[in-house]
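A.B. asks: just the structure for this:
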Amino acid sequence: MTVSPVCAPGSKTQEALDTQALLQWATAHLLPLSAALSKLEATGVPRPPLQLTATKFPVGQSNPTYLVRITSASGSVPSASAVDLKVVLRKKPHGVLLPSAHAIEREHAVLSALAPTPVPVPAVYVLCTDPTVVGTPFYMMEYVSGRCFDDPALPGVSPTDRSAMYAAAVRCLASLHAVDVSALTLDRRAFPPRGGYLARQLRRWGGQLRAVGGGEGDMGRLFADLSSAVARQPSVRAGSDNGDGGGRRVCLTHGDYHLNNVLFHRTRPEVVAILDWELATMSDEPGADLATLAIAHALPQPPVASAIARGLGGVRDLAAAGIPSVTDLRAAYVAASAPDSDGSRSVADDAHWRLLAAFALFRSSAVLVGVAARSRSGNASGSSAAEAAILAPYFVQQAAATLRGEDPSARTAGVRGEQAPRPAPSNGGTLVAAPDVRGRRATDSEAAATLVALKRFMATRVVPLEAAYASHCASAATKWTPFPPLEDLKASARSLHLWNLFLPPSLGGSYSAVQYAPLASVMGSVTWASEAFNCSAPDTGNMELLARLATPAQRARYLDPLLNGTIRSCFGMTEPAVASSDATNLVATATTAPSGEALILRGQKWWTSGGLDPRARLCVLLVRDDPQERSPPEAATPHNQHTLLLLPLPHPGVSVDRPQTVYGYDDAPHGHGVLTLASAVLPLSPSPVLGARGGGFAGAQARLGGGRLHHCLRLVGAGERALALAVDRSRARTAFGRVLADHGGVLEGIARSRADLDAARLLALDAAAALDALDHLEALDAAARGGQGGGSAGSNSDAARRAARRTARAKIALVKAVVPASVCGVIDRAVQVWGGAGVSGGTPLAYLWAAARALRLADGPDEVHWAVVGREELRAVAGAPGVVWGKL
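C.D. replies: Numbers count the residues shown, from 1 in each chain. Below is the predicted model of the structure:
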């Protein structure tokens, strides 16, 4: 079991333990410790001084749980006689608690009673009801080593073992329900053997909801519908509130049988312990436990990725992954139960199963409401407790759908996800469609709705696939192939109108740069996510360039497939032989063949991002040509010697020699290729020239402008994720007697990161506004050229365009110089908080930092952009003589 130290002597957190008081109490009352000390004394070894450490488990939203280790002080006794005892302490949280909640006394009683049964539970040692020891009552139990999963997909486990682990969990549940309750040493006053379980549970949870103000709205309607459904069930009415079950067998039920309360053997697919018995009770509805286990199947896409509500949305094919379907779970339970038992009959009955499944979701939503309330009051146990307020309504929606007979898991023929792309309903569906604004400019309210839909899509469809994507790119056999789930993501995103969001209105898009800015930032929180929305580099820049300059034939061949997401592209500009930050240095050439019917391409490009992608069908290539070959010949100047060419891929004479790495990352599957042009012949018909010959320098600069801003916007999202990781870690780790968040240096670093990100975002929005102003002028010019604006643009329009371009260029240069460096600092501070884990592959931080640092060179180094900003500042101040105290 993995644990994270979050409490130690001197910690100021609410759940800190007084380790000295606990050690004193344990020395007198903890039997394993007394036995160890007595054994030492029997061998003539004096009782050694002891020390106690408490490490809080980072899971659980109810009762704080700690690994307590008691050891003899170093050097106090021979190593062979040293004391080293591990036990688990589970306590009530601090603060005002709801009546009957956090009943650790019940847990202790149940664990004690189950000890002689076949049900695997830890041995319990002692119950302490004295709140002066650690602040609240607690009990101590055996520390059982094993694997505990908060993800029901059981990551890192083979399909065969997954199947066996689920089967073992179901068998253990059936063995619990088969225990003869009359033989259990349980106080019948606390555990009366009565029926009417569902009605009792609804009254209990309804009362707790009212106590925290959570019983209104959709939750209130669900409660009423469930109460009516329970009253109509003949099998339920048979159980009375104070009888013995009304003819139905009463058994002990767990009450919270999620997979994360099941501890598996470290290497074998076996259950070694069932944990968290707070909600255990006598019941005539054992199937409710199985319905709780199956909740993950009803949560395909929670609105936030959270450890407290993991669904199975990231597992497309359950059978291939070794995960049983709900039907399989029900069948396994029936097979493991006594023939014709009440439990097996209720699980096998479809109508009754729907009621049990809806109740399990309702109870989980009620628990989440309580967790959210404790989070607001500051006494929730888990670090993800604040997410409960977002998740509770989702559970309510899924429960209501289940009760109506709908299948909230959206599974067809064993495969999770859409069989064909279709928009999900916006009234409670797992996905939300963005407004359909195709062919027109979006309003601000529509852009805001799109942002909500995008966040939902990212949280429910993209983030759950991160581990699978990392595994795909880590395998030599698959890394240079497209990630298979991406095509499904793209189809879903397109159906939800989350497609080509980057394209400005002047080029046929719908969202202004200011409206696109937060969308790009959300995509940037996961480095590969933008491709799912057809908004990834280098395709976005290439599509903008094609939209501006391509002929109809070129658009049909390249732009349309790119806009549809059926091909990918790359951009060839940087060269290894020259300082490519000065684009006039570029020397790769395109000369006319003697026949006059083709161009001969010679030279080498590197950092050709996307060139290794097997779907790449186009390279937008910047090459030097000979002005004397043009008709009429032109005088050569530094800025008219280059031309943009559309090079189809693959192409004879063009090779991708090797992938380049960025701080060791190869960025598969798109990669950064070294492109060699070995006298490649490029036919001049149809024309491969994009725009005019000699216009490549201006075209490349126009392409890079929006691309630079998009890079920075995505990078702000990466910085936000790094900061969130830093905050989570600072709350969950202890050093020098305090959680990291209590150290002034860490707290200042978090504050500086917030300041850096907000400043970066505001600079980016300012640049986006300048880009929108330029886009607006270009749209007017396009209308004028089309005869819709009263004639051609005049000199005033030309001057306005030039001023707008200059302003946008300077502001984008400022953003490009500031944002990557600022986000590098944010990520670096997050790495410091995470320590060794921050530089490992266990978090996204190392890769995020490498990407951010590389962006200080990509699309132009910092120094070039600072020079642009500086020159513009000199020009602006020179144009305002007499103003010596700054610009007004």
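A.B. asks: for residue 497, phi and psi?
C.D. replies: Torsion angles at residue 497 (phi, psi; degrees, to the nearest 10) stand at phi 60, psi 30.
A.B. asks: chain center to the longest helix seen in the chain: distance?
C.D. replies: Criterion DSSP state H: the longest helix present in the chain is helix 744-785. Computed by C-alpha atoms, centre = their mean, to the nearest Å, the chain-centroid distance of helix 744-785 equals 24 Å.
A.B. asks: list the helices and strands that helix packs on?
C.D. replies: Here helix 744-785 touches helix 513-524, helix 696-732, helix 795-834, going by 3 or more C-beta pairs under 8 Å, 6 or more residues apart in numbering; DSSP states H and E. Backbone N, C-alpha and C define where each C-beta goes, glycine included.
A.B. asks: for residue 250, which of those helices is the nearest?
C.D. replies: Between residue 250 and the helices and strands packed on helix 744-785, the tightest spacing by C-beta to C-beta is seen for helix 696-732, at 41.1 Å.
A.B. asks: partners of the helix or strand following that closest one, with directions?
C.D. replies: Using DSSP states H and E, the helix or strand that follows helix 696-732 in sequence is strand 734-735. Strands that pair with strand 734-735, judged by DSSP bridges, come out as strand 738-739 (antiparallel).
A.B. asks: packing partners of the host helix or strand of residue 140?
C.D. replies: Secondary structure from DSSP H and E places residue 140 in strand 138-142. Contacts defined by 3+ C-beta pairs under 8 Å, 6+ apart place strand 138-142 against strand 84-91, helix 104-114, strand 124-128.
A.B. asks: going by neighbour count, which residues in stretch 328-348 are buried?
C.D. replies: For stretch 328-348, the neighbour count (16 or more other C-beta atoms under 10 Å) marks 328-330, 332-334, 336-337, 341-344, 346-347 as buried.
A.B. asks: related to what we said a few turns ago, closest one to residue 70 among the helices and strands packed on helix 744-785?
C.D. replies: helix 696-732 (23.4 Å).
A.B. asks: got the angle between that closest one and helix 744-785?
C.D. replies: 150 degrees (axes from the mean of the first three to the mean of the last three C-alpha atoms, to 10 degrees).
A.B. asks: and residue 52, what element?
C.D. replies: Using DSSP H and E, residue 52 sits in strand 50-56.
A.B. asks: contacting residues for residue 606?
C.D. replies: Counting by C-beta atoms under 8 Å, 6 or more residues apart in numbering, residue 606 touches 574-576, 660, 672-675.
A.B. asks: are any of these buried, and which?
C.D. replies: Buried members of those, scored by 16+ other C-beta under 10 Å, are 574-575, 660, 672-675.
A.B. asks: just give me the closest of the residues you listed to residue 825.
C.D. replies: For the buried ones among the contacts of residue 606, the nearest to residue 825 is residue 672 (24.5 Å; C-beta to C-beta).
A.B. asks: which stretches of the stretch 201-350 of the chain form helices?
C.D. replies: Secondary structure of the stretch 201-350 of the chain by DSSP state H, counting those that start in this stretch: the helices cover 217-232, 234-237, 287-293, 318-321, 326-336, 342-348, 350-377.
A.B. asks: just the C-alpha atoms of the fifth one, please, in PDB.
C.D. replies: Included here for helix 326-336 are C-alpha records, laid out as PDB according to Å, rounded to 0.1, in the frame of the first residue of the first chain:
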ATOM      1  CA  VAL A 326     -22.100  -5.300 -15.200                       C
ATOM      2  CA  THR A 327     -23.800  -8.400 -16.600                       C
ATOM      3  CA  ASP A 328     -20.600 -10.400 -15.900                       C
ATOM      4  CA  LEU A 329     -20.400  -9.100 -12.300                       C
ATOM      5  CA  ARG A 330     -24.000 -10.000 -11.700                       C
ATOM      6  CA  ALA A 331     -23.500 -13.500 -13.100                       C
ATOM      7  CA  ALA A 332     -20.300 -14.000 -11.100                       C
ATOM      8  CA  TYR A 333     -22.100 -13.000  -7.900                       C
ATOM      9  CA  VAL A 334     -25.000 -15.400  -8.600                       C
ATOM     10  CA  ALA A 335     -22.600 -18.200  -9.300                       C
ATOM     11  CA  ALA A 336     -20.700 -17.500  -6.000                       C
END
